[in-house]
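Undergrad: I'll drop the sequence and a predicted model, then ask my questions.
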Amino acid sequence: MRWPRRSATPLPTQPSCEQVGAVLQAYLDGELGVQDTGRVVEHLAHCERCRIEVDITQRVIDSIRRQRPELAPELHDRLTAMVDELAPPTLDSGN
Amino acid sequence: MTVTPEPNERFREQVLPELEVLYRVALHLTGAPAVAEDLVQDTLVKAFRGFDRFDGRHPRAWLLTILRNTRSNDLRRRRPDLLDAEAADRIPARGPDGEADATAAQAVAGQLTPQVRQAIAGLSSKHRAVLVLVDIDGLTYQEAADLLEVPVGTVMSRLHRARGRVRRQLVSVGFLEVDG
């Protein structure tokens, strides 16, 4: 679950490129509040320079996130078994 | 103690989706897969014991808090000197659990693209900690802030700088092409 957060200082109605740049990563991470997100989206609609910046930043983030290793199935089974031991599933749990 | 099926199911619903994140964070905190599993197990036991006091909101944050406190207690018992270190250093390139660190590093780094791995390794421990927690472990800013015991704004600024440095490094080695 994400906690959409508001910026300490909300963006003005028509933010500058510098102001958008300051919250760009929070925007891409889904961490901006609804109002600020809307203002970033509006800015990007007419600012090619910031759209390019979004594209580059997103590629950097994606390249890092792709490094997230998959957990081995055996490990996942062991972790699940820990929960099974503490709180065994009921018969009608479906899983 | 008798536990009725209903709390069991609620516990499972809250905890099972978070197991992977718990393990990833535990691995980065400890640097050793076996120790990380022990830490997750201890965390689950404490979570189960305290489940009747959990309000059901934000299970990941609740579990990460238990995990962090469990880890701190472990360190206090074994290595009290480590508690004086910066919170970010609890997620070191080489953890406090000795030679097992190498195994943990390989377990994670072995699957990384070399250029990205080098870029991440080149970060300071503070910046690497935030980047790993948010981008690799998938925590929110607030969750990372709570774990590192720093303000959310600090997480944001460190993440901004960390990604910026990774970006410059990836561009410099030709891994990332940037037009204009």
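TA: Okay, I see it. Being a predicted model, the structure only gives us computed values, none of them experimental.

Undergrad: mind listing the helices for the chain?
TA: Since you didn't name a chain, this refers to chain A. Secondary structure of chain A (DSSP state H): helices located at A:17-28, A:34-46, A:48-65, A:73-86.

Undergrad: Correction: the question concerned chain B.
TA: Taking DSSP H as the criterion, chain B carries its helices at B:5-15, B:19-30, B:33-49, B:59-78, B:100-109, B:114-121, B:125-131, B:141-148, B:152-172.

Undergrad: any idea which residue sits dead centre in chain B?
TA: When chain B is reduced to its mean C-alpha position, the closest residue under C-alpha atoms, centre = their mean turns out to be residue B:25, at 2.7 Å.

Undergrad: Would you mind measuring from that residue to chain A?
TA: To chain A, residue B:25 is 13 Å away according to C-beta to the nearest C-beta, to the nearest Å. Any C-beta I mention is one placed from the backbone N, CA and C, and that applies to glycine too.

Undergrad: wait, that residue sits on residue B:139?
TA: Yes. With contacts counted by C-beta atoms under 8 Å, residue B:25 reaches residue B:139, the gap being 7.3 Å.

Undergrad: between those two, what contacts are shared?
TA: Common neighbours of residue B:25 and residue B:139 (criterion: C-beta atoms under 8 Å, 6 or more residues apart in numbering or on different chains): B:64, B:133, B:147.

Undergrad: Any chance of TSV for those residues, columns neighbour count?
TA: Converted to TSV, the shared contacts of residue B:25 and residue B:139 look like this (neighbours: other C-beta atoms under 10 Å in any protein chain shown):
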residue	neighbour count
B:64	24
B:133	28
B:147	27
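
Undergrad: Of these, which are in range of chain A?
TA: Restricting the shared contacts of residue B:25 and residue B:139 to those within reach of chain A (C-beta under 8 Å from any C-beta of the partner chain) leaves nothing.

Undergrad: show me what contacts residue B:19?
TA: For residue B:19, the contacting residues are A:76, A:79-80, A:83, B:40, by C-beta under 8 Å, 6+ apart.

Undergrad: Residue numbers of chain A in contact with chain B?
TA: Counting by C-beta under 8 Å from any C-beta, the residues of chain A that sit close to chain B are A:1-3, A:5, A:8, A:25-26, A:29, A:31, A:52, A:56-57, A:59-61, A:63-71, A:75-76, A:78-80, A:82-83, A:86-90, A:93.

Undergrad: most centrally placed residue in chain A?
TA: With distances taken as C-alpha atoms, centre = their mean, chain A has residue A:29 as the residue nearest its mean C-alpha position (3.1 Å).

Undergrad: What are the phi and psi values at that residue?
TA: The phi and psi values for residue A:29, taken as degrees, to the nearest 10, are phi -90, psi 0.

Undergrad: what sits against it?
TA: Residues in contact with residue A:29, defined by C-beta under 8 Å, 6+ apart, are A:61, B:134, B:141.

Undergrad: at 10 Å instead, please
TA: With C-beta atoms under 10 Å, 6 or more residues apart in numbering or on different chains as the criterion, the residues that contact residue A:29 are A:2, A:61, B:134-135, B:140-141, B:156, B:159.

Undergrad: so where is the chain shaky, pLDDT-wise?
TA: Assuming you mean chain A. Within chain A, the stretches falling below the threshold (pLDDT under 70) are A:1-8, A:91-95.

Undergrad: That was the other one, I meant chain B.
TA: Within chain B, the set of residues satisfying pLDDT under 70 comprises B:1-5, B:79-112, B:179-180.

Undergrad: Kindly state the domain boundaries assigned to it.
TA: Each structural domain of chain B that the record assigns through automatic domain parsing is listed here as a residue range: B:1-82, B:92-175.

Undergrad: need the ones you listed in a markdown table with distance to residue A:37, can you?
TA: Compiled in a markdown table, the domains of chain B are given as follows (distance: least, C-beta to C-beta, whole Å):
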| stretch | distance to residue A:37 |
| --- | --- |
| domain B:1-82 | 21 |
| domain B:92-175 | 15 |
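
Undergrad: quick revisit: quick one: the residue nearest to the centre of chain A from residue A:70, how far?
TA: According to C-beta to C-beta, to the nearest Å, residue A:29 stands 22 Å off from residue A:70.
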